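# quick one, what's the 3D model for this:
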Amino acid sequence: MKRRTPLTSLTVLISAALVLSGCATGTGAAGTGASSTPVKGGVLKYRAAGGGKSFDPATTTGYGLAVPVRSLVDSLVFNNEDGTFAPWLATAWEVNDNATRYSFTLRQDVTFSNGEKLDAAAVKLSYQALRDGGAKYAVANQWIGALKEISTPDPYTVVFDLAKPNSSFLQAASTTVLGIVAPATARLPFEKRQEGLGIVGSGPFVAAESRGEEGYTLVRRDDYAWAPAPAGNHGPAYLDKIEVHNIQDNSIAAAELRSGGLDLLHNTEPADKTEFAHSAEITIRRQPLPGSALGFAANVKVPGLDDVRVRRALSLAVDRAAVLQRASAIDVPPKSAYTASNPYFTDQSDKIRTDVEAAKRLLDEAGWRPGPDGVRAKDGARLSFTLVYSPSTISHEPNIAVVQAQWKNIGVELKFGSLTQAELNQRLQSGNYAFSWGSGTRPDADVLRSTYAGVDRELDTIFERILAEPDIAKRRTAAAQASAIILDQAYWIPLYDFIQPLAYRNSTHLPLLEATHLPWLGDAWIDKR
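Here you go, the predicted structure:
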């Protein structure tokens, strides 16, 4: 593989950082059942939380929903758990010294499941469809960056020229969100892509059945032969099918996992998470996803939250030890705006503390006085805020209720409730909310930008510096500065490093995980029942 020196140094040092952070290796993710030899056949029954009828990879930005979608589409490169990159659809790549040009040499034996050929023109069309979709593919386009041109100098070379440096582009190109779809899919209008079976990729599984809001079924592609380089299985998947069940109730899903009605699930209640952590039949991953920590992202345009004193008071009022007591036995305190498993994490726990009396003094200084109902008021307005989130966050509601009680103690009202994804998107775009559920999954310094871009000029300057800097040490310094501003200005109220609970029966084996902790299901198998 050809890579310029700065990017080579970057990947090596990311590897070291992940080892130091205690991130699990791919082999540690396998189930602990009796079989260590892959078993062919079987149906993997997977529970996704908060899913709908769409499984468009470019809009499937949540971790749990992306688990099965990863099997539909391949990416240009594979991002290993240790932070390095390996060949996948691209056999080699070059990056120029200021990260404004990325050139990929493609495999020549890949086809999409509808028979179309994967070549440079197909890759260009797949990316161009996202650019043409604009804000509908907001996350994808932010990750791509300021794209100037995609060129195809020969049938199996695709070159991305960027108007601004983007040292995070290679990591972006490894994600499910930027997974390559067939030309037939790329040409579909956005709305048609959300209907399900229109998604055609080159992955080891093919969408065979859509059950609308209830889920869908993927079947093995028997001619698949271009797995990512680290995979142990380079032929067709071991599994016959993947059945995706959009079970909204976490308790029902947990019961199904216990009984064997499910093999693998994402998201569960704190009590079930604790139980699974001590189960002899079920494995639950204990590593925070490598991204940004969980908490409330403030809308600083909302009256009250436009005052840093109020935001700081709200952060100081949170007793995170009490929140974690209500969470689970495996969630951990936050120490930064980044999770501890992110290679750009720096311990800033001194900026995350509890001081209720200081919180009350700050609110007094800001002019908010206790009203007759105990809620502070100023100029006729009550200090009342609303937190919005999607159904996938429902399992956190008991923990949010702890914060609600703590804020009530200082005279602040918190209202919260889940919205459908469409409702949530509308509220976020219109600015009709006070707090959103802030987190992100991306093993990169750039993960904070998706939540906090446009909030603070100094912060935006640092985000630009991160994108322009290929040197890992300098990127880490800038990342620490970004996290410090977010914490000092209380743009975010940190709660905990959430252990994204991917739980599975020990008869389920997941040998290979990406840096995002997504399992690659082309390698997965289930012991014979």
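
# show me the shaky parts of the stretch 401-529 of the chain.
499-500 (pLDDT under 70).

# same thing but at 90, please
In the predicted model, the stretch 401-529 of the chain carries pLDDT under 90 at residues 417-430, 437-447, 449-451, 468-475, 496-502, 515-517, 528-529.

# can you show me the strands along it?
Here the stretch 401-529 of the chain has its strands, by DSSP state E, counting those that start in this stretch, at 413-418, 435-441, 492-496, 502-505, 508-509, 525-526.

# and those strands: which comes nearest L363?
Across the strands of the stretch 401-529 of the chain, L363 has its closest neighbour in strand 413-418 (12.7 Å, C-beta to C-beta). C-beta coordinates here come from the backbone N, C-alpha and C atoms, glycine included.

# the closest one vs strand 435-441, what angle?
Here the directions of strand 413-418 and strand 435-441 differ by 50 degrees (axes from the mean of the first three to the mean of the last three C-alpha atoms, to 10 degrees).

# direction included, what does strand 413-418 pair against?
strand 384-389 (parallel) (DSSP bridges).

# and for the partner strand, what's in contact with it?
296, 302, 304-305, 375, 396, 400, 412-419, 424, 427-428, 433-437 (C-beta atoms under 8 Å, 6 or more residues apart in numbering).

# where does I282 fall, phi/psi-wise?
phi -130, psi 140 (degrees, to the nearest 10).

# hmm, it is touching F276, no?
Yes. Look at I282 against F276 with C-beta atoms under 8 Å: they come within range, at 4.7 Å.

# looking at the nearest residue to T111 once chain neighbours are set aside now. What's its pLDDT?
Nearest residue to T111, sequence neighbours excluded (C-beta to C-beta, 6 or more residues apart in numbering): K117, at 5.8 Å. pLDDT recorded at K117 is 98.

# my guess is K117 contacts Q108. True?
No. At 9.1 Å, K117 does not count as touching Q108 under the criterion of C-beta under 8 Å.

# the more surrounded of the two?
For K117 and Q108, the more surrounded residue by other C-beta atoms under 10 Å is K117, and the numbers stand at 15 against 11.

# sorry, back to before: the residue nearest to T111 and A182, how far apart?
As judged by C-beta to C-beta, to the nearest Å, K117 and A182 stand 9 Å apart.

# low-confidence bits of the stretch 251-400 of the chain, can you list those?
Those would be 251, 266-274, 277-278, 285-294, 324-332, 340-344, 389-399, if you go by pLDDT under 90 across the stretch 251-400 of the chain.

# outside of stretch 189-196, which residues touch it?
Against stretch 189-196 from outside (C-beta under 8 Å, 6+ apart): 53-56, 58-59, 133, 136, 185, 198-199, 207, 210, 212, 216.

# what subset of those residues is buried?
53-56, 58-59, 133, 136, 185, 198-199, 207, 210, 216 (16 or more other C-beta atoms under 10 Å).

# quick one: which of those is nearest P236?
A207 (16.3 Å).

# just to be sure, the closest one is in a helix?
No. A207 is assigned strand when assessed by DSSP: H, G, I helix; E, B strand; the rest coil, not a helix.

# okay, now the unreliable bits of the stretch 101-250 of the chain?
Using pLDDT under 90, the flagged stretches of the stretch 101-250 of the chain are 138-139, 142, 195-198, 212-213, 248-250.

# if you go through it in chain order, where are the helices?
Counting by DSSP state H, counting those that start in this stretch, one finds helices in the stretch 101-250 of the chain at the ranges 120-133, 138-144, 169-173, 183-186, 190-193, 250-259.

# count the neighbours of the residue nearest to E413 when sequence neighbours are not counted for me.
Leaving aside its chain neighbours, E413 sits nearest to S384 (3.9 Å; criterion: C-beta to C-beta, 6+ apart). Per other C-beta under 10 Å, the neighbour tally for S384 reads 15.

# any idea how far N432 is from S384?
On the measure of C-beta to C-beta, S384 and N432 end up 14 Å apart.

# if the residue nearest to F104 when sequence neighbours are not counted is in a bridge, with which residues?
Closest residue in space to F104, ignoring its immediate chain neighbours: A90 at 4.1 Å, by C-beta to C-beta, 6+ apart. Here A90 sits in beta bridges with L106, going by DSSP bridges.

# tell me which residues touch A90, please.
L76, V77, F104, T105, L106, R107.

# before we move on, what about R476?
R476 touches A17, P343, Y344, T346, A445, counting by C-beta under 8 Å, 6+ apart.

# give me the neighbour count for A229.
14.

# and if you look at K301?
10.

# from what I can see it touches Y433, true?
No. At 10.2 Å, K301 and Y433 do not qualify as touching, with contact defined as C-beta under 8 Å.

# re earlier: of the contacts of A90, just say which sits nearest to R312.
V77 (41.4 Å).

# any idea how far the closest one lies from R326?
40 Å.

# okay, the two: which has more neighbours?
For V77 versus R326, neighbours defined as other C-beta under 10 Å are more numerous around V77 (25 against 15).

# contacts only, for that one.
F85, A86, P87, W88, L89, A90, W93, F104, L170, A173, S174.

# quick one: which of those is most hemmed in?
A173 (27 neighbours).

# and the strands in the stretch 251-400 of the chain?
Going by DSSP E, counting those that start in this stretch, the stretch 251-400 of the chain shows strands at 264-266, 282-284, 291-298, 369-370, 376-378, 381-382, 384-389.

# so what secondary structure elements neighbour the longest one?
In this case it means strand 291-298. strand 435-441, helix 449-452, strand 492-496 (3 or more C-beta pairs under 8 Å, 6 or more residues apart in numbering; DSSP states H and E).

# swap in the first one?
Applying 3+ C-beta pairs under 8 Å, 6+ apart, one finds that strand 264-266 makes contact with strand 43-47, helix 63-69, helix 250-259, strand 502-505.

# which one of those lies closest to K474?
helix 63-69 (28.8 Å).

# chain center to that closest one: distance?
10 Å (C-alpha atoms, centre = their mean, to the nearest Å).
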